[in-house]
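Undergrad: quick one: sequence and predicted model below, then my questions.
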Amino acid sequence: MCKIRKGRFIVFEGTDGSGKGTQIELLVSEMKRQGRNVYKTAEPTNTSTGGMLRDALGGFVRRDAYELSAMFLADRIFHNVNPINGIKQFLDKGIDVVCDRYYYSSFAYQGIDAELEWVMNMNLECSEIAKPDLCIFLDVDPETSDKRISDNRLEREIYENKTKQQEVRNRFFEVFRLLADTENIKIVDASRTIPEVSADIIKIYNEIKEK
Ligand code: TYD
């Protein structure tokens, strides 16, 4: 009997205002057009842990970076293993999963105020947390990111200011260098037009999908 091919696990990352939402929709439409079965998801999740994280991100509740790292970790474990809509059971059934943010965000955001190595190890060494087949990082300079946030939002989350975005972007690049040999990370210039960025992403997807 032939074994079902595992689904592909694709993660989108980027600083705030990098256009992840739009590009995820475009890639998911293309994957479906190609006949793939796709489950779209995001972190923080829609669970009560995700709700607590959103309260902290919105600045309603103050939380320490170590505490936040542990909460994101718990949210991510549930996101992977829960039997209803957990990432792992979709991948096992051959369904592709596209996720808006994942552990790279914990490294870049919490890894500034909490010890980076500690944050990385607890995620990368956790057997319950699936490793993505591909991480697409949408890169925009902090000026563009800030302008997009101003144009689209009335309120800003705790990380959504220019200085923090610069710091987070630098941290993403540092983390990508550390992970260069072990993770499949593609950096896409997201300051271009939506169709240009989308064309690049689809090309990257087409390259990995048959592997
Ligand atoms: P996102 O959903 O991309 O933002 P938006 O509210 O604009 O749709 O992400 C929410 C925030 O969560 C973002 O500022 C990054 C932060 N985050 C972390 O700090 N650590 C993490 O591990 C994750 C997954 C997200």
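TA: Arrived safely. Residues are numbered from 1 along each chain as shown.

Undergrad: from here on, contacts and neighbour counts on C-alpha atoms
TA: Noted.

Undergrad: is the lowest-mean-pLDDT helix or strand in the chain positioned near the ligand?
TA: Least confident helix or strand, the chain: helix 142-152 with a mean of 83, by mean pLDDT, DSSP states H and E. No. Figure legend: helix 142-152 not in contact with the ligand (CA under 6 Å from any ligand atom); closest approach 8.3 Å.

Undergrad: any buried residues in that helix, and which?
TA: For helix 142-152, the neighbour count (16 or more other CA atoms under 10 Å) marks 142, 145-146, 149 as buried.

Undergrad: how close does the residue of the chain found nearest the ligand get to Gln166?
TA: Across the chain, no residue is closer to the ligand than Ser106, which sits at 3.4 Å (CA to the nearest ligand atom). Separation of Ser106 from Gln166 (CA to CA, to the nearest Å): 16 Å.

Undergrad: which one's more surrounded, the two?
TA: Using other CA atoms under 10 Å as the criterion, Ser106 and Gln166 rank with Ser106 on top: 23 against 16.

Undergrad: any weak-confidence spans in the protein?
TA: Scanning the chain with the threshold set as pLDDT under 70 gives 1-3.

Undergrad: where does the residue most central in space within it fall, phi/psi-wise?
TA: With distances taken as CA atoms, centre = their mean, Arg101 lies nearest the centre of the chain, 1.7 Å away. Backbone torsions for Arg101, taken as degrees, to the nearest 10, come to phi 80, psi 150.

Undergrad: state the number of residues packed around the residue nearest to it when sequence neighbours are not counted.
TA: In this structure, Arg101 finds its nearest non-sequential neighbour in Glu13, 5.1 Å apart by CA to CA, 6 or more residues apart in numbering. For Glu13, the neighbour count with other CA under 10 Å is 23.

Undergrad: one more: Leu178?
TA: Applying other CA under 10 Å, I find that Leu178 has 11 neighbouring residues.

Undergrad: again, but for Ser191
TA: 16.

Undergrad: likewise for the one 4 residues further on?
TA: Using other CA under 10 Å, the number of residues around Pro195 comes to 11.

Undergrad: just the element for it, please.
TA: For Pro195, the host element (DSSP states H and E) is helix 194-209.

Undergrad: for that helix, packing partners?
TA: In this structure, helix 194-209 packs against helix 20-33, strand 185-189, with contacts taken as 3 or more CA pairs under 8 Å, 6 or more residues apart in numbering; DSSP states H and E.
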